[in-house]
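In: need a structure here:
(4 chains)
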2 protein chains.
Amino acid sequence: MRESSSTLSTSVFDQIKNEIIGGQLPQGSKIVETELAKKFNISRGPLREALHKLENINLIVKKPHSSTQVVTVDFELMKQVYQMRIVMEGYAARLAAENMTDKEIQGLKDLLNTHQDSIENAGGESYIQKEGDVDFHYYIFSKCGNELLANYLESKVYQLVRMCRIRTSTMKDRVALAYNEHSKIVDAISNRDGEFAEMLMRKHISGAWETIMKLQETQGDS
Amino acid sequence: MRESSSTLSTSVFDQIKNEIIGGQLPQGSKIVETELAKKFNISRGPLREALHKLENINLIVKKPHSSTQVVTVDFELMKQVYQMRIVMEGYAARLAAENMTDKEIQGLKDLLNTHQDSIENAGGESYIQKEGDVDFHYYIFSKCGNELLANYLESKVYQLVRMCRIRTSTMKDRVALAYNEHSKIVDAISNRDGEFAEMLMRKHISGAWETIMKLQETQGDS
DNA sequence: TTTTATTAAATTGTTGACAATTTCATCACA
DNA sequence: TGTGATGAAATTGTCAACAATTTAATAAAA
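Out: Next up is the predicted model:
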């Protein structure tokens, strides 16, 4: 996506991040600085900085003088992550209704239309909708007017969301449902009804979490 | 408070943090690694790690290859910080009402009583109540059952709150008012009414923000 | 056999020197 | 006088060696 790798540390940070999210570095696996440094052909200095950044976005956990591990996204953590989404994205929707410019709201409507098209054309192809879902949520919180909020969601919450293998996108039914819910949220924002937008967004994400929980029960842990 | 400084990096991190919050390192002042390293008698390695951590809790801002500055807490940032307090602490109160054990709720009631005593004894001495206010809020979000949420408030929000010089505690009237509002919040939590607790907490912090805004207007910027 | 010291190996924390980049002052030129 | 190029100083980024700490492996004792 972004090509900001002006320094070795940030470059390696991006690479390791992708490997963790992609699963090449498995959850819970032990991280040894010397090994990783050799792997990326850098010294331990910038590597340690990269690891620090990864720790700060909750992708690895460190104990001083001791072990460093890739985070394990268990059920409890995922529950907390979705609680954070519920409260933060809910409020972001409220702020968006209050602060977005008319032009930005029009952009949101356009985004929604492209998603509708892609759903119709792909006949419910889940992957596209999944990306669409992410785009939709990104659009709202990145333009809500509160950088602290947007930055936290992007840098800490969504990294962990990506690491959750079980996705609502695997449920075909939910694609259309999600679109309808998105549509109502856009209406509320367009009507400048912040309170309603917040409530709808909370319900929307709560619903996604309920779906994940059900899948978790039927599929077992992962 | 805490004496966790098992490593040079964390120790210096704590020291610099205190200097920033205390004002010895003024807002907006330029940070030079070599200077700071000399000041604390450490090399630049651990210092850089400390600076990275400080960047992560929003106390300094870095541009790659370029300037590093202590954050400037202007009105816009403070507004965003209080928005975050409103939404996150509101939700924490909801979770607390749902998740706190009976014993923890009793502890909250006890805490409230000690505050009442200190108000009566000190005759409205603001400092004590200010600390009491902080204790009250800390107690709730640290026992809400969501570590991510608690950690966020502690590490990213409250550091910035401390840097805001203008405090509601300077208004004597607000001390008693705050106590009453705290009391109602405790009742809602005790009654396991999460929705009400969230609403009350939102109102409580919104009120504090309104007070700050008024002071800001009369006193001018700072 | 189990438990507890003791010691060696592995790993992280720290340092000072070196390289790359940016910033700022100086000077030439229009 | 103002503007842009040039180079020196300051500052950050990177490296490889060293020190401190933890982990494990081994041996001694109960």
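In: I'd guess A:Q69 is in a helix, am I close?
Out: No. Counting by DSSP: H, G, I helix; E, B strand; the rest coil, one finds A:Q69 to be strand, located in no helix.
In: Before we move on, what's the pLDDT of it?
Out: Note on A:Q69: pLDDT of 95.
In: Next, the contact list for it, please.
Out: A:G28, A:S29, A:K30, A:I31, A:I60, A:V61 (Cβ atoms under 8 Å, 6 or more residues apart in numbering or on different chains). Quick note: C-beta positions are derived from backbone N, CA and C, even for glycine.
In: Mind doing that once more with 6 Å?
Out: A:Q69 sits next to A:G28, A:K30, A:V61 when contact means Cβ atoms under 6 Å, 6 or more residues apart in numbering or on different chains.
In: Contacts only, for the second one.
Out: Translated: A:K30. A:Q69.
In: again, but for the last one
Out: Listed by Cβ under 6 Å, 6+ apart, the contact set of A:V61 reads A:Q69, A:V71.
In: Regarding it, what is its secondary structure?
Out: Going by three-state DSSP: A:V61 is strand.
In: in the sheet, who's paired with it?
Out: A:Q69 (DSSP bridges).
In: can you list the contacts of A:Q69 in a markdown table and add pLDDT?
Out: As requested, the contacts of A:Q69 are exported to a markdown table (pLDDT from 0 to 100):
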| residue | pLDDT |
| --- | --- |
| A:G28 | 93 |
| A:K30 | 94 |
| A:V61 | 94 |
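In: could those go into JSON lines alongside distance to DNA strand D?
Out: Below are these laid out as JSON lines (distance: Cβ to the nearest atom of the strand, whole Å):
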{"residue": "A:G28", "distance to DNA strand D": "15"}
{"residue": "A:K30", "distance to DNA strand D": "9"}
{"residue": "A:V61", "distance to DNA strand D": "13"}
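In: Out of the residues you listed, the closest to DNA strand C would be?
Out: Closest approach to DNA strand C among these (Cβ to the nearest atom of the strand): A:K30, at 7.6 Å.
In: Now the phi/psi pair for that closest one, please.
Out: The phi/psi pair for A:K30 (degrees, to the nearest 10) reads phi -80, psi 140.
In: quick one: it and chain B, what's the gap?
Out: 20 Å (Cβ to the nearest Cβ, to the nearest Å).
In: ok, what's across the strand from that residue?
Out: Per DSSP bridges, residues listed as beta-bridge partners of A:K30: A:Q69.
In: got TSV for the contacts of A:Q69, with distance to B:L108 too?
Out: Shown next, in TSV, are the contacts of A:Q69 (distance: Cβ to Cβ, whole Å):
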residue	distance to B:L108
A:G28	36
A:K30	40
A:V61	30
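In: Where does A:L108 sit, in terms of helix or strand?
Out: According to DSSP states H and E, A:L108 maps onto helix A:102-122.
In: Report the separation between the residue most central in space within chain A and chain B.
Out: Centroid check for chain A by Cα atoms, centre = their mean gives A:Y158 as the closest residue, at 2.3 Å. A:Y158 sits 13 Å away from chain B, going by Cβ to the nearest Cβ.
In: SS state for that residue?
Out: With three-state DSSP as the basis, A:Y158 sits in helix.
In: domains of chain A?
Out: In terms of domains, chain A is parsed into A:8-70, A:75-219 (source: automatic domain parsing).
In: ok, back up a step: helices or strands up against the helix holding A:L108?
Out: helix A:126-142, helix A:172-190 (3 or more Cβ pairs under 6 Å, 6 or more residues apart in numbering or on different chains; DSSP states H and E).
In: And those: which comes nearest DNA strand D?
Out: When these are compared by Cβ to the nearest atom of the strand, helix A:126-142 sits nearest DNA strand D, at 25.4 Å.
In: any idea of the angle that closest one forms with helix A:102-122?
Out: Calculated by axes from the mean of the first three to the mean of the last three Cα atoms, to 10 degrees, helix A:126-142 forms an angle of 170 degrees with helix A:102-122.
In: Is the helix or strand following helix A:126-142 in proximity to chain B?
Out: Next along the chain after helix A:126-142, taking DSSP H and E as the criterion, comes helix A:147-152. Yes. Judged by Cβ under 6 Å from any Cβ of the partner chain, helix A:147-152 and chain B are in contact via A:L148.
In: which strands and helices sit next to helix A:147-152?
Out: When contacts are defined as 3+ Cβ pairs under 6 Å, 6+ apart, helix A:147-152 packs onto no helix or strand at all.
In: what does it rub up against?
Out: Outside helix A:147-152, the residues that touch it by Cβ under 6 Å, 6+ apart are A:M88, A:A92, A:F141, A:S142, B:Q80, B:M84.
In: So what's the model's average confidence on stretch A:75-95?
Out: For stretch A:75-95, the mean confidence score works out to 96.
In: Pull up the residues of chain A that are close to DNA strand C.
Out: When proximity is defined by Cβ under 7 Å from any atom of the strand, chain A lies next to DNA strand C at A:6, A:31-34, A:44-45, A:48, A:62, A:64-68.
In: Next step: those restricted to strands.
Out: Among those, the ones falling in strands (DSSP state E) are A:K62, A:T68.
In: Among the residues of chain A next to DNA strand C, find me the one that's closest to B:H115.
Out: Comparing the residues of chain A next to DNA strand C against B:H115 with Cβ to Cβ places A:P64 closest, at 35.8 Å.
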